[in-house]
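1. Here is the input, now give the coordinates:
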Amino acid sequence: MTAHPSEHVLVLGGYVLTRPAETSSWAESSLPPQIITISGCIKDDLPRPLTWGWFQCRHELDVAEGDWSQSDVVAVAMTPADAEALIGEMGGPEMSCFDLLRTATPASGDVIGYEVVGAEVTLDFHSWHCHAYADDVVRDLGIGVNELGLFATYEDAVSVLEWMLALPSDEAPESVPWTVVALVHPSTDQSPGDGLTSECASRSCGRLLGEMQESGGASLIDATTQGKSRFWLFALIALVSLAADQLTKAWALAHLTDGQPRPIIGTFLQFYLTFNPGAAFSTGTKFTWVFTSLAIIATFVVMRYAATARSRAWAVSLGLLLGGITGNLTDRLTRPPEFFKGHVVDFLMLPHWPVFNVADMLIDTAAVLIVVLSFKGIKLDGTTSDE
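-> Residues are numbered from 1 along each chain as shown. Here you go, the predicted structure:
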């Protein structure tokens, strides 16, 4: 471990609780047997850091550190220029996660190395390791890593960052603010964050994660906290989809006559207003309440998955799915003949196909997207099955 060069003054941003991750199962021959990272986005079969984001108060990790014999408190530091750029890209002065960083307190301690990371809205981090770039970086730039998988100098990390951002779109990293951070073993007498405010703990961006139990039990911390950065996108897509479905149904009721076709593209696509108490092809017409109950259950299931999604594609897919489900559910709950047994408004017809509506189209589109994402191995957290 070496101290950082004097020309690169580093300011303290926060603290993370991390531990070495084994790399023996990785295909990248350029990496050492173990690495450390502040990112949760590394190979699926490896230990993850014990925090997402960073804590502004050193004392917040003291208790947790005692519970993890293989963990280590590491300070996250940045150059003042990089810190200013990140704050600007991530929400500016109103974001309390940067209170410590804005104090420009010099980081004190030994620099372990430098990591290239991408910051999410909630300061969950991606790492350049997420994309298995190590061998390519050695080949193209001649830059390797130290014994813990970090870059030895700030200049090396910047060169790799510039190389990553210049990659073709199909190889490039996520479209989030990427920067360089230094991982520092903090001096035992440096705890500047502890004096920020008495509410430091509640204003920090770090969140301790519990390990999954050997039997496959749940995390100690609800996983929904990991996906808030994508929930707004999911909610927006769902609301717009629901509105589109209900507005088109309102138009159909106002302008179409039940059972009378109106050509759109000849006989291939026609308007045809009908009211469906059952499922496709008018099946299950006596069990409307069952379909209503299933739709309510499906709504909660989709929202639960969406709360853990960190992938934009998954957020969009689940938003479309929820919009379609709630579109038809709204009909079941609000339309005649009675509450919970309402008939769904259908008004689009293709040859040899059941009459359908916008909600059905949304559900089908979401199903196709989900199949594609699953086939490509893209998971809810944005990682792929081969990472």
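
2. can you tell me which residues contact the residue nearest to Thr292 when sequence neighbours are not counted?
-> Closest residue to Thr292 apart from its sequence neighbours, by C-beta to C-beta, 6 or more residues apart in numbering: Arg332 at 4.2 Å. All C-beta atoms are positioned from the backbone trio N, CA, C, and that covers glycine. Arg332 makes contacts with Thr288, Phe291, Thr292, Ala295, Phe340, Lys341, Gly342, Val344, as judged by C-beta atoms under 8 Å, 6 or more residues apart in numbering.

3. Kindly confirm my reading that the fourth one is in a helix.
-> Read that as Ala295. Yes - Ala295: assigned to a helix according to DSSP: H, G, I helix; E, B strand; the rest coil.

4. where does the nearest residue to it once chain neighbours are set aside land in three-state SS?
-> Closest residue to Ala295 apart from its sequence neighbours, by C-beta to C-beta, 6+ apart: Leu329 at 4.1 Å. Three-state assignment for Leu329 (three-state DSSP): helix.

5. My read is that Gly259 contacts Phe271, right?
-> No - at 11.4 Å, Gly259 does not count as touching Phe271 under the criterion of C-beta atoms under 8 Å.

6. Tell me which of these two has more neighbours.
-> Higher neighbour count among Gly259 and Phe271: Phe271, with 18 against 9, using other C-beta atoms under 10 Å.

7. Across the sheet, point out what pairs with Ala75.
-> Tyr15, Val184 (DSSP bridges).

8. show me what contacts it?
-> Going by C-beta under 8 Å, 6+ apart, Ala75 touches Leu12, Gly13, Gly14, Tyr15, Ala107, Gly109, Leu183, Val184, His185, Pro186, Gln190.

9. Next, count neighbours for the fourth one.
-> A total of 28 residues lie near Tyr15 under the criterion other C-beta under 10 Å.

10. Which one of the contacts of Arg332 is nearest to Thr248?
-> For those, the minimum distance to Thr248 (C-beta to C-beta) is 12.7 Å, reached by Val344.

11. Looking at the chain, which strand is longest?
-> Longest strand of the chain, by residue count under DSSP state E: strand 109-119.

12. That strand packs against which elements?
-> strand 72-78, strand 125-127, helix 154-165, strand 178-186 (3 or more C-beta pairs under 8 Å, 6 or more residues apart in numbering; DSSP states H and E).

13. Recalculate using a threshold of 6 Å.
-> In terms of contacts (3 or more C-beta pairs under 6 Å, 6 or more residues apart in numbering; DSSP states H and E), strand 109-119 is packed against strand 125-127, helix 154-165, strand 178-186.

14. Please identify which of those is closest to Leu239.
-> Nearest of these (C-beta to C-beta): strand 125-127, 27.7 Å.

15. just how off-centre is stretch 78-85 within its chain?
-> Mean-position distance between stretch 78-85 and its chain equals 24 Å (C-alpha atoms, centre = their mean, to the nearest Å).

16. in that stretch, what's buried?
-> By neighbour count with 16 or more other C-beta atoms under 10 Å, stretch 78-85 contains the buried residues Met78, Thr79, Asp82, Ala83, Glu84.

17. Among those residues, find me the one that's closest to Phe125.
-> Met78 (12.6 Å).

18. Tell me the pLDDT of that closest one.
-> Listed pLDDT for Met78 reads 93.

19. Surely the residue nearest to Ala295 touches Leu294?
-> No - if you go by C-beta atoms under 6 Å, Leu329 and Leu294 don't touch, sitting 9.5 Å apart.

20. Which of those two has more residues huddled nearby?
-> Comparing Leu329 with Leu294 by other C-beta under 10 Å, the one with more neighbours is Leu329, at 22 against 14.

21. Need the pLDDT of that one.
-> pLDDT, Leu329: 96.

22. what does the average pLDDT come to for the biggest helix by length in the chain?
-> Secondary structure assigned by DSSP state H gives helix 228-255 as the longest helix of the chain. Across helix 228-255, the average pLDDT comes to 92.

23. Over to stretch 140-160?
-> Computed over stretch 140-160, the average pLDDT equals 94.

24. Give me the buried positions along it.
-> For stretch 140-160, using 16+ other C-beta under 10 Å, the buried residues are 143, 145-146, 148-154, 156-160.

25. and what of stretch 172-191?
-> Applying 16+ other C-beta under 10 Å to stretch 172-191 flags 173-174, 176-184, 186, 190 as buried.

26. Quick check: the gap between the closest residue to His126 other than its chain neighbours and His131.
-> Distances taken as C-beta to C-beta, 6+ apart place Gly118 nearest to His126, at 3.8 Å, with adjacent residues excluded. Between Gly118 and His131 the distance is 10 Å, computed by C-beta to C-beta, to the nearest Å.

27. Ok, Val355 next?
-> 46 Å.

28. Show me which helix or strand of this structure is least confident by mean pLDDT.
-> Of all helical and strand segments in the chain, the minimum by mean pLDDT, DSSP states H and E falls on helix 200-203, at a mean of 44.

29. all helices of the stretch 1-150 of the chain, in order?
-> Ranges of helices in the stretch 1-150 of the chain, per DSSP state H, counting those that start in this stretch, are 62-67, 80-89, 99-102, 134-141.

30. could these go into a markdown table alongside distance to Pro168?
-> What follows is the helices of the stretch 1-150 of the chain, written out as a markdown table (distance: least, C-beta to C-beta, whole Å):
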| stretch | distance to Pro168 |
| --- | --- |
| helix 62-67 | 41 |
| helix 80-89 | 23 |
| helix 99-102 | 33 |
| helix 134-141 | 12 |
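
31. most tightly surrounded among the ones you listed?
-> helix 99-102 (a mean of 21; mean count of other C-beta atoms under 10 Å).

32. hmm, back to that, what's the least confident stretch among the helices of the stretch 1-150 of the chain?
-> Taking the mean pLDDT of those, helix 62-67 comes last: a mean of 50.
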